[in-house]
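In: predicted model and sequence below, questions to follow.
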Amino acid sequence: MFSLIHREISGKQECCKNILPVVADLTEWEATRTQLENLPALHGVVNNAGTALPWKSSLDVNKGACEDLFALNVYGALNVIQVMARKMKEAGIAGSIVNVSSVKSLSAFRDSLAYNMSKASLDTISRQFALELGPHNIRVNSVNPTLVTTPLGMRAWTNPPKNLERLMFHTPLGRPAEMEDVVQPILYLLSDCSRMVTGSVHRVDGGLLSNVPV
């Protein structure tokens with residue numbers, strides 16, 4: 001099993017003995033492609049690298065901030081899919097690609113325009129590749145979680161604290177997602193249990209988008 005590690009977490013050790021880390025800066029298009037070309041064809045690929053920005057009004061978002069987010073959240077994932085899907089196709093592998101998007105791609109959320117745009121683009125990438133790779137029996141789906149209790153997620157949603165309070169108030173299950181809550185849907189989409197599922201947006205939001213605020 002291979003794991004492509006983005007530069008920001010490359011210092012952490014993997015916990016599983018059968019994982020071979022490959023360190024790459026996914027914002028560097030050509031360097032990443034060179035790293036990926038050295039890998040064998042895989043049956044499953046998960047694009048989970050991503051970043052966010054501090055909360056900012058849509059009127060104040062600048063071009064540079066959008067470009068920084070898109071470099072990793074969009075172009076990084078696109079680059080990985082292009083190389084690894086081609087390997088799957090050439091090897092005749094019935095593969096599965098899962099892109100970790102966000103519930104923010106599916107609705108408007110205050111003060112996070114650039115991030116929302118990047119994740120909406122990632123959903124479009126999933127649908128487009130699902131269409132074009134389907135004839136080769138390669139499936140592509142998105143998983144769209146709400147806030148996950150990672151350091152990055154909690155740091156973003158607790159500054160200011162009212163954002164977390166508002167999110168939990170409108171979440172029927174009343175809690176953020178744990179990492180395991182997102183891992184299990186990803187494993188489902190990688191497995192043959194979902195062999196007829198492609199081009200889907202799989203919400204993991206505790207009911208957030210099903211709730212009508214009153």
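Out: Done, it's in.
In: distance check, A94 against H43.
Out: Computed as CB to CB, to the nearest Å, the A94 to H43 distance reads 8 Å. (Glycine included, C-beta is placed from N, CA and C.)
In: helices along this protein, start to end?
Out: Ranges of helices in the chain, per DSSP state H, are 29-37, 63-73, 75-91, 113-133, 151-157, 161-169, 179-190.
In: how about the nearest residue to the most centrally placed residue in the chain, chain neighbours excluded?
Out: Nearest residue to the geometric centre of the chain (CA atoms, centre = their mean): V100, 2.0 Å. Closest residue to V100 apart from its sequence neighbours, by CB to CB, 6 or more residues apart in numbering: N48 at 4.5 Å.
In: and the one you found, how many neighbours?
Out: Counted with other CB atoms under 10 Å, the neighbours of N48 add up to 15.
In: that one touches S102, doesn't it?
Out: No: using CB atoms under 8 Å, N48 makes no contact with S102, being 11.6 Å away.
In: correct me if wrong: A49 contacts L72.
Out: Yes: look at A49 against L72 with CB under 8 Å: they come within range, at 6.2 Å.
In: picking that back up, distance to G199 and mean neighbour count added to the helices of the chain, as JSON lines?
Out: Shown next, in JSON lines, are these (distance: least, CB to CB, whole Å; neighbours: other CB atoms under 10 Å):
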{"stretch": "helix 29-37", "distance to G199": "23", "mean neighbour count": "14"}
{"stretch": "helix 63-73", "distance to G199": "19", "mean neighbour count": "17"}
{"stretch": "helix 75-91", "distance to G199": "14", "mean neighbour count": "19"}
{"stretch": "helix 113-133", "distance to G199": "3", "mean neighbour count": "20"}
{"stretch": "helix 151-157", "distance to G199": "26", "mean neighbour count": "15"}
{"stretch": "helix 161-169", "distance to G199": "28", "mean neighbour count": "14"}
{"stretch": "helix 179-190", "distance to G199": "11", "mean neighbour count": "16"}
